[in-house]
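In: missing the sequence, but the structure's below:
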């Protein structure tokens, strides 16, 4: 009796990716514009083809995103100028999160050379002032009003006049084009959120549920207001949750607290199961 | 913009017509407007339906489950103008893609580019970018099987160009 063995070769990843051995798949060039700045700079080191693509192509440099990683605090005016010059005047969006070294002059230089910026997000860039931002937006508007969204949360000393000026410069009725407004409850310039519910306890009793995160606690998952009548549904990551979302999320085996979706990575998974233990409980077990 | 097709009937009592537009047939079921005077039938196609490939597409080099997921997205996304339906379709596809091997997603990027579907291209490129973002230079080479064709001096020169980004 003949037994035929079928050997199925494990499909190596290489077969799918490369038409020419060692060269990047053509798709990867399309991915370059989606990378934030640090990753983009790192890609130039991967191989000569990427280095050439990044040196010769302006597409990957049209949307500069600096956020999250440690080196962002090192981005100086000179570095910013060097990076944005690769867009050859056609920079579309500039996202700088918590880049403390950028000053009003640095920002002004960039916008003076790139009149088509449509997205300017500079939250928590403590070196910038509202006056500097107004000057930058005014410069952008000189030829055509192309700026659509502006994020300035965390910039110090924003006044109502500043915001009014900026809104009129952006020339749009859409209030969400600027992320900051004055909280109706505490009157501070902050990011203000609406309640997704048509009616909620706060709306019924105090007349309004619009407020900044300091005035109105919200469920991390769905944005519903929480904490009005002491319904304390805390997550293991210490974010607040509403009852409905709290019920739906998987819980720590020990303390029965869930993680919100943003902090799911903190779960200490029990091998071979879908259960997990939260970091805090894990630490206490470790000590035993 | 909508596109209009005008048909003139030539003394034939009944006709069944299947209209093909750009190689796809639209199942948007537009209602024909009949003009008895010149015996013409006008059918307006919503441009969106015809541009969004509402028929099942076949995708080379991916398994059937992936092809089905992409087609489900195309169907759902093209079926409604409502923001919530389209967002749901995108979220479903995104969740599916996150569970796939990166090689599949790279193939899908090429497919999306070939068929010029901007929504698909966004999702697939963003996914590959997210994967790359967490990796070192060497890991990127490994995953995508890219040969390092720099000399050590050349590599160092590139690092030096943006030293501020790479020193610890």
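Out: Looks like it came in fine. Model, not experiment: these values are computed from the prediction.
In: Could you pull up phi and psi at residue A:65?
Out: When read as degrees, to the nearest 10, the backbone of residue A:65 gives phi -130, psi 120.
In: which SS state does residue B:112 fall under?
Out: Secondary structure for residue B:112, judged by DSSP: H, G, I helix; E, B strand; the rest coil, is helix.
In: Go ahead and confirm it touches residue B:126.
Out: No: judged on Cβ atoms under 8 Å, residue B:112 makes no contact with residue B:126 at a distance of 11.4 Å. The C-beta positions use only the backbone N, C-alpha and C, and glycine is treated the same way.
In: the more surrounded of the two?
Out: Per other Cβ atoms under 10 Å in any protein chain shown, whichever of residue B:112 and residue B:126 has more neighbours is residue B:112, with 22 against 16.
In: Close to chain A: what parts of chain B are there?
Out: B:61, B:101-104, B:106-107, B:109-110, B:113, B:121, B:125-126, B:128-129, B:132-133, B:136-137, B:140-141, B:143-150, B:155, B:158-159, B:162, B:164-166 (Cβ under 8 Å from any Cβ of the partner chain).
In: and the closest residue to residue A:48 other than its chain neighbours, how many neighbours?
Out: Counting by Cβ to Cβ, 6 or more residues apart in numbering or on different chains, residue A:48 lies nearest to residue B:149, which is 5.0 Å off, once chain neighbours are set aside. Residue B:149: 13 surrounding residues under other Cβ under 10 Å.
In: Narrow the residues of chain B next to chain A to those in helices?
Out: Residues of the residues of chain B next to chain A located in helices (DSSP state H): B:102-104, B:106-107, B:109-110, B:113, B:121, B:125-126, B:128-129, B:132-133, B:137, B:140-141, B:143-144, B:155, B:158-159, B:164-166.
In: residue ranges of the helices in chain A, please?
Out: A:13-17, A:26-31, A:37-43, A:48-56, A:77-85, A:104-113, A:130-140, A:160-170, A:201-206, A:243-248, A:279-287.
In: Columns mean neighbour count and mean pLDDT on top of those, output as a markdown table?
Out: Shown next, in a markdown table, are those (neighbours: other Cβ atoms under 10 Å in any protein chain shown; pLDDT from 0 to 100):
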| stretch | mean neighbour count | mean pLDDT |
| --- | --- | --- |
| helix A:13-17 | 15 | 45 |
| helix A:26-31 | 21 | 94 |
| helix A:37-43 | 22 | 92 |
| helix A:48-56 | 15 | 94 |
| helix A:77-85 | 17 | 95 |
| helix A:104-113 | 19 | 96 |
| helix A:130-140 | 19 | 95 |
| helix A:160-170 | 15 | 91 |
| helix A:201-206 | 14 | 79 |
| helix A:243-248 | 14 | 88 |
| helix A:279-287 | 12 | 83 |
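In: Tabulate the ones you listed (TSV), appending distance to residue A:225.
Out: Formatted as TSV, the helices of chain A follow (distance: least, Cβ to Cβ, whole Å):
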stretch	distance to residue A:225
helix A:13-17	48
helix A:26-31	39
helix A:37-43	36
helix A:48-56	46
helix A:77-85	39
helix A:104-113	36
helix A:130-140	29
helix A:160-170	24
helix A:201-206	5
helix A:243-248	12
helix A:279-287	26
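In: before we move on, back to that, for the residue nearest to residue A:48, phi and psi?
Out: Torsion angles at residue B:149 (phi, psi; degrees, to the nearest 10) stand at phi -100, psi 20.
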